[in-house]
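Chemist: No letters, just coordinates:
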């Protein structure tokens, strides 16, 4: 069984049809059965049954065929123009009605971003207009390896461009990252008004630009983020940042020492506060931006300093020591 003949228009006449039509013009007639090889010739009106012999087909002269096809094309174009006029008339009245009604809704004040690429693109677009200040909270170190280097390079370029436009950049890290080498290197590479401070514990990631737009995570994996442009929400986030900033310890450009009280380091102080709240080692590690093994080492050192023999006793001794009552 032969394949069905493909549909096409006269301007895209198939090779079989073109050869058969040329032959019909030369010979004047064809057997109707021969047109089975190119049924498009009958469909397009290039062949028609002979009046004196219905089993044979005669060709329509090219001049007549062309005139008829052009007329059909002109009618189609006229119909499309009439359709355009009707559409313009219909929607013109609707547009006039819309202009008389409430203003069209503005861009959403909160937008969900999905995927690292979309999130980074949105941040880059917002940063391109930054002219006053960028504030960020970075609870964890960045990626490692080639992927991390590429991401860090893109972020550095973005931040340096903002600094070159006169922006101020302030960043909060947890104390556990104070001596992280890539952070120190980043601070040295950026040239401009940049300040970095640290706290025992910082909230989840925040990027706020010119008090106009903020980005916060929308899931735990970092694959979703919210782009916030609601003035009240952005102002609330930046105000919260400012309050944390005043409590934080300077890291760059000047470094302030973290005081130690009776052998209890600031890091152990932060751990002690979370221990008495009843948190597990895993939660403490996550809240303070360290791995669980490091957290357990600090817990063991704290227990040794206070002379504790058990987890329950450690909580009691922390309360009795008064270390959480002292202002650091």
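Modeler: Yep, it's here. The model shown is predicted, which means the values in this text are computed figures rather than measured ones.
Chemist: For residue 189, grab the count of nearby residues.
Modeler: By the measure other CB atoms under 10 Å, the count of residues near residue 189 is 11. For the C-beta atoms, the positions are set from N, CA and C on the backbone; glycine is no exception.
Chemist: And for residue 125?
Modeler: Other residues within reach of residue 125, judged by other CB under 10 Å, total 11.
Chemist: List the residues that contact it.
Modeler: For residue 125, no residue meets the contact criterion (CB atoms under 8 Å, 6 or more residues apart in numbering).
Chemist: On the pLDDT front, check it for me.
Modeler: What the model reports for residue 125 is a pLDDT of 92.
Chemist: ok, it to residue 304 distance?
Modeler: Counting by CB to CB, to the nearest Å, the separation of residue 125 from residue 304 is 52 Å.
Chemist: Regarding this structure, what is its longest helix?
Modeler: Secondary structure of the chain per DSSP state H: the longest helix is helix 62-100.
Chemist: distance between it and the chain's centre?
Modeler: Put simply, helix 62-100 sits 41 Å off its chain's centre (CA atoms, centre = their mean, to the nearest Å).
Chemist: Find the residue at the geometric middle of this structure.
Modeler: residue 118 (1.4 Å; CA atoms, centre = their mean).
Chemist: Helix or strand: which one has that residue?
Modeler: Secondary structure assignment for residue 118, by DSSP states H and E: helix 116-127.
Chemist: Tell me the first helix or strand C-terminal of that helix.
Modeler: Sequence-wise, the next helix or strand downstream of helix 116-127 (DSSP H and E) is strand 133-137.
Chemist: Determine the set of other helices and strands touching that next one.
Modeler: On a contact count with 3 or more CB pairs under 8 Å, 6 or more residues apart in numbering; DSSP states H and E, strand 133-137 meets strand 168-174, strand 206-209, helix 231-247.
Chemist: Between those, which one is closest to residue 221.
Modeler: Of all the helices and strands packed on strand 133-137, the one in closest proximity to residue 221, counting by CB to CB, is strand 206-209 (17.1 Å).
Chemist: which other residues reach the helix or strand just after that closest one?
Modeler: Note on strand 206-209: by DSSP H and E, the next helix or strand toward the C-terminus is strand 213-217. Under the criterion CB under 8 Å, 6+ apart, residues 113, 119, 122-123, 126, 204-208, 224-229, 233-234, 237-238 lie in contact with strand 213-217.
Chemist: hmm, try it at 10 Å
Modeler: 109-111, 113, 119, 122-123, 125-127, 129-130, 135-137, 139, 203-209, 223-230, 233-238, 241 (CB atoms under 10 Å, 6 or more residues apart in numbering).
Chemist: of the residues you listed, buried ones?
Modeler: If you count burial by 16 or more other CB atoms under 10 Å, the buried members of the contacts of strand 213-217 come out as 113, 119, 122-123, 126-127, 130, 135-137, 139, 206-209, 225, 227-229, 234, 237-238, 241.
Chemist: which secondary element of this protein has the worst mean pLDDT?
Modeler: Lowest by mean pLDDT, DSSP states H and E among the helices and strands of the chain is helix 145-164, with a mean of 75.
Chemist: Could you report the pLDDT at the residue lying farthest from the centre of the chain?
Modeler: No residue in the chain sits farther from the centre than residue 52, which is 73.0 Å out by CA atoms, centre = their mean. On pLDDT, residue 52 comes in at 79.
Chemist: how near is it to residue 245?
Modeler: To residue 245, residue 52 is 101 Å away according to CB to CB.
Chemist: what's the answer for residue 306, then?
Modeler: Separation of residue 306 from residue 245 (CB to CB) stands at 32 Å.
Chemist: More neighbours: which of those two?
Modeler: Using other CB under 10 Å, the more surrounded residue of residue 306 and residue 245 is residue 306, with 20 against 17.
Chemist: who's in contact with the spatially closest residue to residue 309 that is not a sequence neighbour?
Modeler: If the residues on either side of it in the chain are set aside, residue 309 comes closest to residue 303, at 7.9 Å by CB to CB, 6 or more residues apart in numbering. Neighbouring residues of residue 303 by CB under 10 Å, 6+ apart: 268, 275, 309-311, 313-314, 317-318.
Chemist: Quick one: these as a markdown table, columns for distance to residue 283, neighbour count and secondary structure too.
Modeler: Compiled in a markdown table, these are given as follows (distance: CB to CB, whole Å; neighbours: other CB atoms under 10 Å; DSSP: H, G, I helix; E, B strand; the rest coil):
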| residue | distance to residue 283 | neighbour count | secondary structure |
| --- | --- | --- | --- |
| 268 | 16 | 22 | helix |
| 275 | 10 | 21 | helix |
| 309 | 23 | 9 | coil |
| 310 | 19 | 9 | coil |
| 311 | 14 | 11 | helix |
| 313 | 20 | 13 | helix |
| 314 | 16 | 20 | helix |
| 317 | 21 | 18 | helix |
| 318 | 16 | 23 | helix |
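Chemist: For residue 87, state which of those residues is nearest.
Modeler: Nearest to residue 87 among those is residue 275, at 70.9 Å by CB to CB.
Chemist: does the residue nearest to the centre of the chain really touch residue 225, like I thought?
Modeler: Yes: using CB atoms under 10 Å, residue 118 is in contact with residue 225, at 8.5 Å.
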